[in-house]
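>>> sequence below, structure please.
(chains A and B)
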Number of protein chains: 2
Amino acid sequence: MLIKYGVSAGFASLGSAKNCMLASSAVLRRQQFLIRSLGGYSDHTNQERMQEIRSMSGTTLEADAENVLREITPVLDPTRHKGQAGKIAVIGGCREYTGAPYFAAISALKIGADLSHVFCTKDAAPVIKSYSPELIVHPLLEESYSISGLEDEEKRHISSKILTEFDKWMKRFDCLVVGPGLGRDPYLLECVSKIVKHARQSNVPIVIDGDGLFLVTESLDLVSGYPLAVLTPNVNEYKRLVQKVLSCEVNEQQAPELLKSLAKRIGGVTILQKGKSDLISDGEIVKSVSFYGSPRRCGGQGDILSGSVAVFLSWARTKRKSVDSPMNPTVLGCIAGSALLRKAASLAFENKKRSTLTTDIIECLGRSLEDICPAR
Amino acid sequence: MLIKYGVSAGFASLGSAKNCMLASSAVLRRQQFLIRSLGGYSDHTNQERMQEIRSMSGTTLEADAENVLREITPVLDPTRHKGQAGKIAVIGGCREYTGAPYFAAISALKIGADLSHVFCTKDAAPVIKSYSPELIVHPLLEESYSISGLEDEEKRHISSKILTEFDKWMKRFDCLVVGPGLGRDPYLLECVSKIVKHARQSNVPIVIDGDGLFLVTESLDLVSGYPLAVLTPNVNEYKRLVQKVLSCEVNEQQAPELLKSLAKRIGGVTILQKGKSDLISDGEIVKSVSFYGSPRRCGGQGDILSGSVAVFLSWARTKRKSVDSPMNPTVLGCIAGSALLRKAASLAFENKKRSTLTTDIIECLGRSLEDICPAR
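Coordinates of the predicted model:
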């Protein structure tokens, strides 16, 4: 059993630090009681965790993630038709990596999106298709080795054909996820850069993870100043990004401030910094999600997260059109995606312990969302 | 828990509107009671739904779908041999789409057909085969890209070879499903046009869905005047069909009349218009199926429907040879297919809620049919 309701249950901006401190002392007492009653990993781990929460509570505030999930998840309405609950596309999957794009795309469906596409290389497509008939998989991208004998002009022609084909689809999507299992082939990354530019011109939101973050760290102008870009770095990806953009090292003591500066410096993109607690900032506010979670670190959980953020972000944008929400839909999407993954991971871990795999966590996404936000 | 017994439990033609109104008031009271006791989506949704049912009950009548299912489903008889409970072929599956033909073909088997074939492109075949060893998958069709270097004459030769090969199989099938995951490649569609023409000459029933509807909307003469053709359009496909054939827009207030006119104008084909309530017409009568259903709109449910209609239509035709039924077997097949999908979708949704996927619904087909029409 892991920690529920990590810090507090209210929204607040960084400015209201004093209030946070006051509010959090009662909350912390309650938490300590809860943790004692529920039993955590170990006393030692709990003490460390509480220490961490205390040191954070003066500078940032835990998001009320369950409320965010309830706010943005649309009511299921039988008058709606296919596609209206979300159409997501994952750009990723190459000769080496096929699991990551599958995890991202299937997670989107399991949360409630209607359609989930994958755009990958020709080699990766039959494999990703074989994982599930639910996905629409396009064998569109090319890697250097598959066009190695061609003249430069022919290569450019192929690249432009890929872009034309993708453009036919792009406007149908509510959000792109760029990066899961993309690999680092230069020809492929150049082509994906162009896809990102086109998506940006068309105002399609983009969640960037994995090798997409490698691409973006090398070419920051791809996302700089685009408010519909979400970056979801892990520890190492975050370190590289901080070094590149802020020319400094990561400082755990000032994590929220550093994240906020980073997001601001990249022109107001939203960053979800994955960790023991997830931290989220769009350069204006910082939120954390610490509840639930699992100590299991099997590969692929980041892909669940990117697919989930894509769906929730789309839902938050749709909701914003009808309700005037004070918070950026990209931030709401990150809070919801982070919380759902943490809850699903903790449910899977309760059952499977050390043998928990990413597919086990994916199987818990539906129940996790249903617990927080029942469909009926 | 969803709404059961959407409108009424009796057959009636459009002409007997007065009787329908009288009969339906008692039924509606009973329904309101049922909905209250079972708990519907929400009060608001229920009210809307009842309003809709009331406004429809003067112009059309809910089919007694459970009775239709019981009427046309053959008794399982140990003296019968393989193939006698139905042999279905799905024409679809290309480089991009492999899930859709799989869903249609496996659904046919799960309902009770003995054999289910898929005729697809060479690229799609290994993937569709990998989804299930139960299907017989023929890598027969070609897309433009795979014959791009050839002379026109060679292309014609290949097309004619494909047709000859298909002809060897055609007469063994009780029904074809044309369209799931077919794609829109011109060479492939031209070839499939010829297959449709041959099937028509051989009096093989054809259910047309997905990209098959795109083909047919462009070339109406393929099905016009063929009473064994069934079209199963969704909202957008229906809109295009109405615009093309009747040169007008879809009018929800006069949905049954419009559908009847459309079916009549295409020479008495049967049309299953998918929606919150499914409407079915062969140009002579109109029936609706509203019971059960699910608010989840994940892609692939239309493929289950096309495969199901193919099986039920075949069974209804067989039954007609022994019993003199007043209703067109294509209409009976549509009623049964629609009702079974709606019931299976509602069972799956009860369990999986927002995370319901098409494969979950397929897993509920057997139990749904068994509930209504036990094998023993």
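
>>> so which residue is dead centre in chain A?
The geometric centre of chain A, computed from its C-alpha atoms, lies nearest to residue A:306 (CA atoms, centre = their mean), at 3.3 Å.

>>> surely that residue and residue A:182 touch.
No. Counting by CB atoms under 8 Å, residue A:306 does not reach residue A:182; the two are 11.4 Å apart. All C-beta spots, glycine's among them, are computed from the backbone N, C-alpha and C.

>>> overlap in contacts of these two?
residue A:210 (CB atoms under 8 Å, 6 or more residues apart in numbering or on different chains).

>>> can you list the residues of chain A near chain B?
Within chain A, the residues that sit near chain B (CB under 8 Å from any CB of the partner chain) are A:73, A:75-85, A:109-112, A:114-115, A:125-126, A:129-130, A:132-139, A:365-367, A:369-370, A:374-376.

>>> 7 Å instead, please
Residues of chain A lying near chain B by CB under 7 Å from any CB of the partner chain: A:76-82, A:84-85, A:109-112, A:114-115, A:126, A:129-130, A:133-136, A:138-139, A:365-366, A:369-370, A:375-376.

>>> tell me where the model's unsure across the stretch 251-376 of chain A.
Scanning the stretch 251-376 of chain A for pLDDT under 70 picks out the ranges A:321-325.

>>> for whichever residue of it sits closest to chain B, give me its contacts.
Minimum separation of the stretch 251-376 of chain A from chain B (CB to the nearest CB) falls at residue A:366, amounting to 2.6 Å. Residues near residue A:366 by CB atoms under 7 Å, 6 or more residues apart in numbering or on different chains: A:110, B:352-355.

>>> now the helices for the stretch 201-350 of chain A?
A:211-218, A:235-246, A:255-265, A:301-322, A:329-352 (DSSP state H, counting those that start in this stretch).

>>> did I read that right, residue A:88 in a strand?
Yes. Residue A:88: assigned to a strand according to DSSP: H, G, I helix; E, B strand; the rest coil.

>>> now do it, the pLDDT please.
Listed pLDDT for residue A:88 reads 98.

>>> that one and residue B:358: what is the separation?
16 Å (CB to CB, to the nearest Å).

>>> which of these two has more neighbours?
residue A:88 (29 against 26; other CB atoms under 10 Å in any protein chain shown).

>>> got a list of what the residue lying farthest from the centre of chain A touches?
Within chain A, residue A:151 marks the point farthest from the mean C-alpha position, 38.5 Å out by CA atoms, centre = their mean. Counting by CB under 7 Å, 6+ apart, residue A:151 touches no other residue.

>>> and it, how far from chain B?
The gap separating residue A:151 from chain B is 18 Å, by CB to the nearest CB, to the nearest Å.

>>> quick one: mean pLDDT over stretch A:217-228.
97.

>>> buried subset of the residues of chain A next to chain B?
Taking 16 or more other CB atoms under 10 Å in any protein chain shown as the criterion, what is buried in the residues of chain A next to chain B is A:76, A:78, A:80, A:82, A:85, A:109-112, A:114-115, A:126, A:129-130, A:133-136, A:138-139, A:365-366, A:369, A:375-376.

>>> go through the residues of chain A next to chain B and flag which are in helices.
Applying DSSP state H to these, the entries found in helices are A:109-111, A:126, A:129-130, A:365-366, A:369-370.

>>> skip the chain neighbours and tell me the closest residue to the closest residue to chain B within the stretch 101-250 of chain A.
Using CB to the nearest CB, the closest approach of the stretch 101-250 of chain A to chain B is made by residue A:133 at 3.5 Å. In this structure, residue A:133 finds its nearest non-sequential neighbour in residue B:99, 3.5 Å apart by CB to CB, 6 or more residues apart in numbering or on different chains.

>>> quick check: the one you found touching residue A:137?
No. Residue B:99 is beyond contact range of residue A:137, at 8.7 Å (criterion: CB atoms under 7 Å).
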